[in-house]
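[1] turn this into a model:
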Amino acid sequence: MSPNAPARVLVASNRGPVSFRAEDDGSLSVHRGGGGLVSGLSAAGQGTGAVWVCAALSDPDRTAARESPSGRIDLAGHDTGGLAVRLLDIDPGTFARAYNAIANSTLWFIHHLLYDTATKPVFDGRFRKEWTSYDAYNAAFAQALAAEAGEGAKVVVQDYHLTLTPLILRRLRPDLRIGHFSHTPWAPPDYFRLLPDDISRAVLEGILGADHAGFLTRRWASSFLDCCEQVLGADVDRAAMTVTHEGRRTQVAVHALGADADFLRERAARPDVEARLATLRDAVGDRKVVVRVDRTELSKNIVRGLLAYRDLLRGRPEWHGRVVHIAFAYPSRHDLPEYREYTAAVQRIAKEIDDEFGDDTWQPLMLHVNDDFPRSLAAYRLADVALVNPIRDGMNLVAKEIPVVSEHGCALVLSREAGAYEELGSDAVVVNPFDVTATSEALHEALSMDAGERRARTKKLAAAATALSPQQWFLDQLDALD
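    Prediction:
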C-alpha cells in the first residue's frame, strides 16, 4: 500500500500513539506513547493500512505535522504496529478551550459527578465561546478523517473529547462505518441534564451519528440509553441495545478493556524495574505494603484514601511500625486550578500523616508525585494491598494491572464506583469510596488476610483482568462495524 493511499481502518483520539521531541541538533525524535489504547491499536495496524488521526500536543508535534507534505506521518520502523499517524495542527487557543474548558472541565466533570452544584457549573457567554471551539476541534477531526478514509472504511472515534465527531463525519462521508467508544463513565439523566438543553442534545446526537457506540461496562451503557430516551425522546430497545433517532439506528455495546498481561510481565522484569524494586524494599523492610498508583485526578479520591490510612493508624495501633503506604500520585491537568489545589491537598495530608506517626525507625507513608512507570511496576510487584477507591471511574486499569504482576499475592480494596468492580468485585474487598471509616476497616481486613486466601484471590483477579486483551478489545469494535 502506498504511503498516502486511502485508509481502510482509521482511529481518532485526542492523544496519539507517538510524541515528538526536539533534539539538540534540531532534529525531531519520535517516541511511542503508553497505555492500553496504543497496545490495542498496534494489533489493528498489522496489514490494515490503519491511520491514527490525533492532535499535535506540543511544539515538536506541530513541527512534525507541518513538515509532512500530506499531513500523514509514516511510522514504519517504529513499534506501533505499522500505523501511520495524521497529526492535526489545531490553533492552540481553539485546542485549549476545547480540551481544558469543555472536555476536561465540563464533560469530564459531568460524567464523574464532580460538580459542587451550589456554585458550579455556570453556563454563560464565556462557556458558549468555549463550546464553539469544541465544535471546531471536533470538525477538524471529522474533516481529516473524511480526507483520509477510503470508500466504506471503518472509523473508530475515541472518548469524550470527540463526542461531536461521528455526526459531523457522517454528514461528510455517509459511506463510512463509524464507531465511537467512551472510556469514561456516563452520567445518569438527572446529572447529564446539568448541561444546557441544546448542548446535552448535541453530545448525544453526536455519538448517535455513529453506527456503533461502545462502553466499558453495562452500567455506563445503560446510563447512555437512559439519557437518549429521556433527553432526546429517542426510541430505545434495551433488549437489543439499540437507539433509533431521526431515522438512524445506533447499536450500543459493552467492550471491557483488559490488562495487557504479556506486556506487563515482560516490562516488570526489566533491569530498571528491578533496580527500583530493590530501592523500595530497602525503604520498606519487612513491613506490609499498601500501594496506590494514580494521577492527581479529582475522581481518583486520593485524599479520602489518605484519610482512611490515617484512620487505620489512629484506630489500629497494632499496625504502627508494621505497614507502609506507598502512594504514587502523578500530576495531572495542572492548567486547571482545581487540580493544582487538589495536588496541594494530597501533599498536605501526606505530611500530616508522617508528622503524626513517623519516627526515626518508621516512615508510615511514602508519597511520590513525579511520574515514573518502572517505579510503579516495582510497587505493583511489592504490594500486599492495592487501594483503588475512585469516586467514579470508567474502568481503572491499575486495579487490573496490580494482580497481574504481584509477586506474592495482593488483596484489592476496590471502590464499587469503579468500572472494574463489574469484573473484579467478587474477589476484592469492596468499599463505598465516600466512607472513610469503612475504607479504613477494609484496609485492616486486607492487611490481615491470610496469605493463602490472598494468593487465591489474586489468581482469580488476574484471570478476570486479562480475559480480554487490549488487542481483542479494539478488534471487537472493528468487527462490530461489519
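[2] count the neighbours of Ala451 for me.
    Using other C-beta atoms under 10 Å, Ala451 has 10 other residues around it. Using the backbone N, CA and C atoms, a C-beta is placed for each residue, glycine as well.
[3] can we start the residue count at 38 from this point?
    From this message on, residue numbering opens at 38, which makes the last subject Ala488.
[4] could you look up the SS state of the closest residue to it other than its chain neighbours?
    Closest residue to Ala488 apart from its sequence neighbours, by C-beta to C-beta, 6 or more residues apart in numbering: Gly446 at 6.5 Å. Three-state call for Gly446 (DSSP: H, G, I helix; E, B strand; the rest coil): coil.
[5] and Gly446, how far is that from Arg491?
    Look at Gly446 and Arg491: by C-beta to C-beta, to the nearest Å, they are 4 Å apart.
[6] overlap of the contact sets of these two?
    Residues touching both Gly446 and Arg491 by C-beta atoms under 8 Å, 6 or more residues apart in numbering: Asp421.
[7] that older thread, I'd say the residue nearest to Ala488 and Leu498 touch.
    No - counting by C-beta atoms under 8 Å, Leu498 is not a contact partner of Gly446; they are 9.7 Å apart.
[8] higher neighbour count, those two?
    Each of Gly446 and Leu498 has its neighbours counted (other C-beta under 10 Å); Leu498 has more, 28 against 20.
[9] the more buried one sits in which helix or strand?
    In the assignment (DSSP states H and E), Leu498 maps to helix 488-502.
[10] okay, that helix in CSV with CA atoms only?
    Output in CSV follows, covering the C-alpha atoms of helix 488-502 (Å, rounded to 0.1, in the frame of the first residue of the first chain):
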residue,chain,number,x,y,z
ALA,A,488,-1.6,-15.4,52.7
GLY,A,489,-3.2,-18.4,51.1
GLU,A,490,-6.5,-16.6,50.6
ARG,A,491,-4.7,-13.5,49.3
ARG,A,492,-2.9,-15.6,46.7
ALA,A,493,-6.1,-17.4,45.7
ARG,A,494,-7.9,-14.1,45.2
THR,A,495,-5.0,-12.6,43.2
LYS,A,496,-5.1,-15.6,40.8
LYS,A,497,-8.8,-15.1,40.1
LEU,A,498,-8.4,-11.3,39.9
ALA,A,499,-5.6,-11.7,37.3
ALA,A,500,-7.6,-14.1,35.3
ALA,A,501,-10.5,-11.8,35.2
ALA,A,502,-8.3,-8.8,34.5
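[11] name the helices or strands packed onto the helix or strand following that helix?
    Going down the chain from helix 488-502, the next helix or strand is helix 507-517, by DSSP H and E. In terms of contacts (3 or more C-beta pairs under 8 Å, 6 or more residues apart in numbering; DSSP states H and E), helix 507-517 is packed against helix 73-82, strand 186-195, strand 214-219, strand 249-252.
[12] for the residue lying closest to Ser95 once chain neighbours are set aside, helix, strand, or coil?
    Closest residue in space to Ser95, ignoring its immediate chain neighbours: Ser56 at 6.6 Å, by C-beta to C-beta, 6+ apart. What three-state DSSP gives for Ser56 is strand.
[13] how near is Ser56 to Arg492?
    For Ser56 relative to Arg492 (C-beta to C-beta), the value is 39 Å.
[14] looking at the two, which one has more neighbours?
    Ser56 (19 against 15).
[15] my read: the more buried one touches Asp98, true?
    Yes - the pair Ser56 / Asp98 is scored as a contact, 6.3 Å apart, by C-beta under 8 Å.
[16] overlap in contacts of these two?
    Joint contacts of Ser56 and Asp98 (C-beta under 8 Å, 6+ apart) do not exist.
[17] which one in this structure is furthest away from the centre?
    Asp397 (38.8 Å; C-alpha atoms, centre = their mean).
[18] if we can go back for a sec, tell me the mean pLDDT over the helix holding Leu498?
    Throughout helix 488-502, pLDDT has a mean value of 96.
[19] what's the spacing between the strand or helix carrying Leu349 and its chain's center?
    Assigned by DSSP H and E, Leu349 belongs to helix 339-352. For helix 339-352, the separation from the chain centroid amounts to 25 Å (computed by C-alpha atoms, centre = their mean, to the nearest Å).
[20] which residues sit against it?
    327, 329, 331, 333, 356-357, 360, 362, 364, 366, 379, 382-383, 386-387, 389-390, 393-394, 401-402, 424, 426, 470-471, 473-474, 476-477, 479-481.
[21] buried set for it?
    Ile339, Val340, Arg341, Gly342, Leu343, Leu344, Ala345, Tyr346, Arg347, Asp348, Leu349, Leu350 (16 or more other C-beta atoms under 10 Å).
[22] so after that helix, what's the next helix or strand?
    Moving toward the C-terminus from helix 339-352, the next helix or strand (DSSP H and E) is strand 360-367.
[23] other SSEs contacting that following strand?
    Packing contacts for strand 360-367, counted by 3+ C-beta pairs under 8 Å, 6+ apart, involve helix 308-321, strand 325-332, helix 339-352, helix 374-394, strand 402-405, helix 410-419.
[24] Serialize these to a markdown table and add fields for mean pLDDT.
    Formatted as a markdown table, the helices and strands packed on strand 360-367 follow (pLDDT from 0 to 100):
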| stretch | mean pLDDT |
| --- | --- |
| helix 308-321 | 96 |
| strand 325-332 | 95 |
| helix 339-352 | 98 |
| helix 374-394 | 93 |
| strand 402-405 | 95 |
| helix 410-419 | 95 |
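[25] which one, of the ones you listed, ends up nearest to Ser170?
    Nearest to Ser170 among the helices and strands packed on strand 360-367 is helix 374-394; the distance by C-beta to C-beta comes to 19.5 Å.
[26] from the contact counts, what lies against the closest one?
    helix 339-352, strand 360-367, strand 402-405.
[27] can you give the strand pairings for the second one, parallel or anti for each?
    The reference is to strand 360-367. With DSSP bridges as the test, strand 360-367 is paired with strand 325-332 (parallel), strand 402-405 (parallel).
[28] who touches the last one?
    Residues from elsewhere that reach strand 402-405 (C-beta under 8 Å, 6+ apart): 320, 343, 346, 361-366, 383-384, 387, 390-391, 395, 412.
[29] kindly recompute the last result at 7 Å.
    Strand 402-405 is contacted from outside by Ala320, Val361, His362, Ile363, Ala364, Phe365, Ala366, Gln384, Ala387, Ile390, Asp391, using C-beta atoms under 7 Å, 6 or more residues apart in numbering.
[30] stretch 120-130: which residues count as buried?
    Leu120, Ala121, Val122, Arg123, Leu124, Leu125, Asp126, Ile127.
[31] perfect, that will be all.
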